[in-house]
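*Asks:* Provided below are the primary sequence and the corresponding predicted coordinates.
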Number of protein chains: 2
Amino acid sequence: MAVGETRFPEMPVIEGLRLGTAMAGIKKPDRRDLVVIEVPEGARVAGAFTRNAFCAAPVTVAREHLADGEGARYLVINTGNANAGTGATGLRDARATCAELARLAGVEETSVLPFSTGVIGEPLPMERLLAGLPGAVQTLDAGSDAWRAAGEGILTTDTRAKGASVTLSLGDATVTINGIAKGSGMIRPDMATMLAFVATDAAIEQSLLDRLLREAVERSFNCITVDSDTSTNDACLLIATGRGAAVADGEALERFREGLLRVMTELAQAVIRDGEGATKFVTLRVEEARSRREALDVAFTVAHSPLVKTALYASDANWGRILAAVGRAPVEAFDVDRVTIDLGEVRLVENGGRAPGYAEAAGSAVMAREEIEIRIALGRGEQHATVWTSDLSHDYVSINADYRS
Amino acid sequence: MAVGETRFPEMPVIEGLRLGTAMAGIKKPDRRDLVVIEVPEGARVAGAFTRNAFCAAPVTVAREHLADGEGARYLVINTGNANAGTGATGLRDARATCAELARLAGVEETSVLPFSTGVIGEPLPMERLLAGLPGAVQTLDAGSDAWRAAGEGILTTDTRAKGASVTLSLGDATVTINGIAKGSGMIRPDMATMLAFVATDAAIEQSLLDRLLREAVERSFNCITVDSDTSTNDACLLIATGRGAAVADGEALERFREGLLRVMTELAQAVIRDGEGATKFVTLRVEEARSRREALDVAFTVAHSPLVKTALYASDANWGRILAAVGRAPVEAFDVDRVTIDLGEVRLVENGGRAPGYAEAAGSAVMAREEIEIRIALGRGEQHATVWTSDLSHDYVSINADYRS
């Protein structure tokens, strides 16, 4: 199941940045499951990682290698196995993967960043993984097909590859931002989604790149949820090759910031459209809050409510469940008589109860849509936040109960 | 669906306390849906109510009437309609219900406490409700059958009546504690479960009664969750008729406290066994925490994880999902290498990964049981907490998606 269409876009070349894939048979045969991304010398790389205390071994190693300041030259990503909850063996395997790719490519082990996604708690099948590396390196290419193949190579329970791209005119120059992401279940990123790789040819100084990534993650991947379960492996990387126009301040910075947010929001929304068992794509906008934190708290309380999510699945305009979820959100001194709730263009709730003009048929008509917007105004301030989520369907239960993922 | 057996127990008479029921046709015909409980003069009543900001009209009125200090003489409970999200009309209807019962019984309106449970956001069908009151008053009786009928009269999506009773010897005297409860979905009480009524013949001074109720609620109803959705109508009442032995301090107080906790825990567990779509009854015990709050935070994070709940439904010993949920719990400076996780008698996790001796077959054998205990030791303190929960099944989705509840 998935909501609407998500076409993988044409990806312009980002000079010096190449992607290669292989079928290493890590979990299933005949499936792309190993991806190598080559980063040109001198590029800057910023990373955002899960805040789950049980973070996976590759997250620990990628953080270390990024922090040493030597610059990353290769990313290696496997699916089918998360290398999480694997203790000392997992760390050794993640380092051995970096070492082998470093040997093949003739770089330092610490300039390789490892990423894994898949089942938690099983040791990486190192023999098959290492045997797959040369094939991935041989296919390294900068073209649009290589981006698409890499987009496929990082999927797990996802039903489709997710890519986004913008090209910005900055004065005389143009700058490209390409990104791919994966994620479908265990999605409630707390720093970044499962895995997302975004690259640009812009020239951006390291501390600004770090800040741009942090800001964009905060408004994109950190604003989506499928099932409230923050993964052990979340990671989002932003690579700036530096071969294109400089982005430092003024209008160029503003346009780049907007373009980056657009790419990352599109990827984050594509994750929700492909959420496990999703039949609805839901935008939850909370307005008139005292703080953005408060708006997010209300939005996530509603987005995580199993009763709201099953009502969405049923296309049932059950506003009582939305109201009950809003009412249990952690909001200090909450005057619910000031709250209004709108479903699309239909007012559901005001003055603590059903809106006077509300007719069930109007609510049902909006709920029947595949894409639904719920707006909740708290009447206590001027801050707002938007969160995207999916519904809770029989398919979600089947996907997560019928086999080990 | 429901887990195991829950027999409605024999309920000893609590002198002066009588229960009556009627079929008022509030939502469905031929079903007990209206309950009146008569409290003898001079009894003390303590109440605990939902902290959902959108609390229902009857909750507001019951709180007011309890607070006036005149003492309660009657409780009136309807199912089929929650009278929540009904604004000013809802308040008027709740007061009119109290006024009519007061007139029939010859007491003050403010000595009647109203309670409602059922669908949110629809006006109470006042004509049918008021027409049912005389019948409920006529059937008032103190016997065990009256308790059972009342237990049935408060149910909504529940599949069975829930009762618990203990008789304590306090020196030469005996004291009885009887209780009934309802609840199946929208269960994550934050003060008390959906509806629970507990009565004793003990003589207990008001401030002590309030404290005993608060303490017992904290360790029983506030430690269960089906779906994380705190209801708008939660209420738990404790009535002490005062006709039996005095409970004030010393051993009598200790024994009463224990007995009360036993009755309330049994009722709370019965709610979980009858949780919407439940196929498993799960005890989550978190140990070695720095504070009880921290232990509860970890327990509820695991209990609310859709991925853990679907794995429980599938009888899949997917310890990676438990570990990921523990890792995202809001715990400061969490050293996950000190965490151990046990499933029944089987050690799953230690040193940040799979326990060395763990074999999948052993985990699967425990998961196949209907009643499962998961113990999580955090290795950072001496506090602990226990939370009870159910799994997330296809039936949960069906119950909440296939019709309006």
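*Replies:* Right, received. Where do you want to start? Numbers count the residues shown, from 1 in each chain, chains lettered A, B, ... in the order given.
*Asks:* please make it C-alpha for all contacts and neighbour counts, starting now.
*Replies:* Fine.
*Asks:* how about low-confidence regions in chain A?
*Replies:* In the predicted model of chain A, residues A:1, A:190-194, A:403-405 satisfy pLDDT under 70.
*Asks:* now do the domain split for it, please.
*Replies:* Per the record, chain A has its domains at A:18-273, A:281-389, by automatic domain parsing.
*Asks:* any idea how far apart the tips of the longest one sit?
*Replies:* Start to finish, the residues bounding domain A:18-273 are 28 Å apart (C-alpha to C-alpha, to the nearest Å).
*Asks:* does chain B sit close to it?
*Replies:* Yes. Using C-alpha under 8 Å from any C-alpha of the partner chain, domain A:18-273 reaches chain B at A:51-55, A:84-87, A:119-121, A:186, A:227-232.
*Asks:* show me the residues you listed that map onto strands.
*Replies:* A:Val119 (DSSP state E).
*Asks:* need the strands for the stretch 251-400 of chain A, in chain order.
*Replies:* Taking DSSP state E, counting those that start in this stretch as the test, the strands found in the stretch 251-400 of chain A are A:281-289, A:340-343, A:346-350, A:353-354, A:371-377, A:383-389.
*Asks:* just name the most buried of those strands.
*Replies:* Most buried of the strands of the stretch 251-400 of chain A, by mean neighbour count (mean count of other C-alpha atoms under 10 Å in any protein chain shown): strand A:353-354, with a mean of 25.
*Asks:* so is that strand next to chain B?
*Replies:* Yes. On the criterion C-alpha under 8 Å from any C-alpha, strand A:353-354 is in touch with chain B at A:353-354.
*Asks:* for chain B, what's the nearest residue on the stretch 101-250 of chain A?
*Replies:* Closest to chain B within the stretch 101-250 of chain A is A:Ile120: 5.0 Å, counting by C-alpha to the nearest C-alpha.
*Asks:* and that residue, what does it touch?
*Replies:* Counting by C-alpha atoms under 8 Å, 6 or more residues apart in numbering or on different chains, A:Ile120 touches A:81-85, B:320-321.
*Asks:* I'd like the residues you listed laid out as TSV, including neighbour count and distance to A:Val61.
*Replies:* Putting the contacts of A:Ile120 into TSV (neighbours: other C-alpha atoms under 10 Å in any protein chain shown; distance: C-alpha to C-alpha, whole Å) gives the following:
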residue	neighbour count	distance to A:Val61
A:Asn81	21	16
A:Ala82	26	13
A:Asn83	32	12
A:Ala84	32	12
A:Gly85	30	14
B:Gly320	26	20
B:Arg321	26	22
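*Asks:* of all those, which comes closest to A:Gly250?
*Replies:* Nearest to A:Gly250 out of the contacts of A:Ile120 is A:Ala82 (C-alpha to C-alpha; 41.1 Å).
*Asks:* now the helices for chain A?
*Replies:* For chain A, the helices defined by DSSP state H occupy A:57-67, A:87-105, A:126-138, A:144-153, A:206-219, A:250-273, A:292-304, A:306-313, A:319-328, A:360-367, A:394-401.
*Asks:* can I get those helices in TSV including distance to B:Glu360?
*Replies:* Below are those laid out as TSV (distance: least, C-alpha to C-alpha, whole Å):
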stretch	distance to B:Glu360
helix A:57-67	22
helix A:87-105	18
helix A:126-138	21
helix A:144-153	29
helix A:206-219	38
helix A:250-273	32
helix A:292-304	31
helix A:306-313	30
helix A:319-328	38
helix A:360-367	43
helix A:394-401	17
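*Asks:* so A:Asp141 makes contact with A:Gly16?
*Replies:* No. Using C-alpha atoms under 8 Å, A:Asp141 is not in contact with A:Gly16; the gap is 9.3 Å.
*Asks:* those two: which is more packed in?
*Replies:* A:Asp141 (19 against 16; other C-alpha atoms under 10 Å in any protein chain shown).
*Asks:* how about the nearest residue to that one, chain neighbours excluded?
*Replies:* In this structure, A:Asp141 finds its nearest non-sequential neighbour in A:Arg18, 4.6 Å apart by C-alpha to C-alpha, 6 or more residues apart in numbering or on different chains.
*Asks:* repeat that for A:Ala99.
*Replies:* Per C-alpha to C-alpha, 6+ apart, closest to A:Ala99 is A:Glu109, 4.8 Å.
*Asks:* show me the contacts for that neighbour.
*Replies:* Contact analysis of A:Glu109 by C-alpha under 8 Å, 6+ apart lists A:95, A:98-99, A:101-103.
*Asks:* just the buried members of the residues you listed?
*Replies:* By neighbour count, with 16 or more other C-alpha atoms under 10 Å in any protein chain shown, the contacts of A:Glu109 hold A:95, A:98-99, A:101-102 as buried.
*Asks:* before we move on, the earlier item: and A:Phe115, which of the helices of chain A is closest to it?
*Replies:* For those, the distance to A:Phe115 is smallest for helix A:57-67, at 5.3 Å, taking C-alpha to C-alpha.
*Asks:* for the closest one, packing partners?
*Replies:* Contacts defined by 3 or more C-alpha pairs under 8 Å, 6 or more residues apart in numbering or on different chains; DSSP states H and E place helix A:57-67 against strand A:44-49, helix A:87-105, strand A:112-119.
*Asks:* buried set for it?
*Replies:* Going by neighbour count (16+ other C-alpha under 10 Å), the buried part of helix A:57-67 is A:57-63, A:65-66.
*Asks:* angle of it against strand A:112-119?
*Replies:* Interaxial angle, helix A:57-67 versus strand A:112-119 (axes from the mean of the first three to the mean of the last three C-alpha atoms, to 10 degrees): 160 degrees.
*Asks:* from the chain's centroid, how far away is helix A:57-67?
*Replies:* 19 Å (C-alpha atoms, centre = their mean, to the nearest Å).
*Asks:* what's it in contact with?
*Replies:* Identification of contacts with helix A:57-67 by C-alpha under 8 Å, 6+ apart yields A:45-47, A:49-50, A:72, A:83-87, A:90-91, A:94-95, A:110-116, A:233, A:235.
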